[in-house]
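Engineer: Take this sequence and fold it.
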Amino acid sequence: NSKVIKMAENEIHLADVGTIFEVTIMDDLAVVDISSATLMEIIFTKSDAAKTKVVNTAVLTTDGTDGKMQYIILIASELDVTGNWKLQGRVTLPTGTWSTEITKFKVYKNL
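Structural biologist: Residues are numbered from 1 along each chain as shown. Below you'll find the predicted structure:
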């Protein structure tokens with residue numbers, strides 16, 4: 001079992017750029033070494049009526065031995081809907097593919 005341990009900790013706003021979403025891949029309570037991963041993704045489900053799913057390629061936060069991978073929002077149009085979003089990490093290792101638990105976060109409107 002893998003689960004999301006950490007993501008962006010500050011309030012996230014519509015059209016923010018530079019927000020870092022970080023997940024830690026865990027198996028029960030142990031960190032999984034993902035340094036040999038062949039695919040790392042962070043999947044977002046938007047709060048729009050269609051519940052649009054967006055799959056983003058993640059990168060290692062450090063060397064992967066700490067189980068951490070991240071995706072950084074680089075374009076203002078990525079966070080384009082306010083409301084309650086969902087996030088899930090997925091990693092493919094030589095031994096298989098695993099998904100983290102689903103984490104919810106809110107995108108707030110601006111003044």
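
Engineer: Grab the nearest non-local neighbour of the most centrally placed residue in the chain.
Structural biologist: Of all residues in the chain, the one closest to the mean position by C-alpha atoms, centre = their mean is residue 42, 3.9 Å from it. Of all residues not flanking residue 42 in the chain, residue 71 sits nearest, at 4.3 Å (C-beta to C-beta, 6 or more residues apart in numbering). Backbone N, C-alpha and C define where each C-beta goes, glycine included.

Engineer: Is that neighbour part of a helix or strand, or is it coil?
Structural biologist: With DSSP: H, G, I helix; E, B strand; the rest coil as the basis, residue 71 sits in strand.

Engineer: So for it, what's the pLDDT?
Structural biologist: pLDDT recorded at residue 71 is 96.

Engineer: count of neighbours near it?
Structural biologist: Neighbourhood size, residue 71 [other C-beta atoms under 10 Å]: 23.
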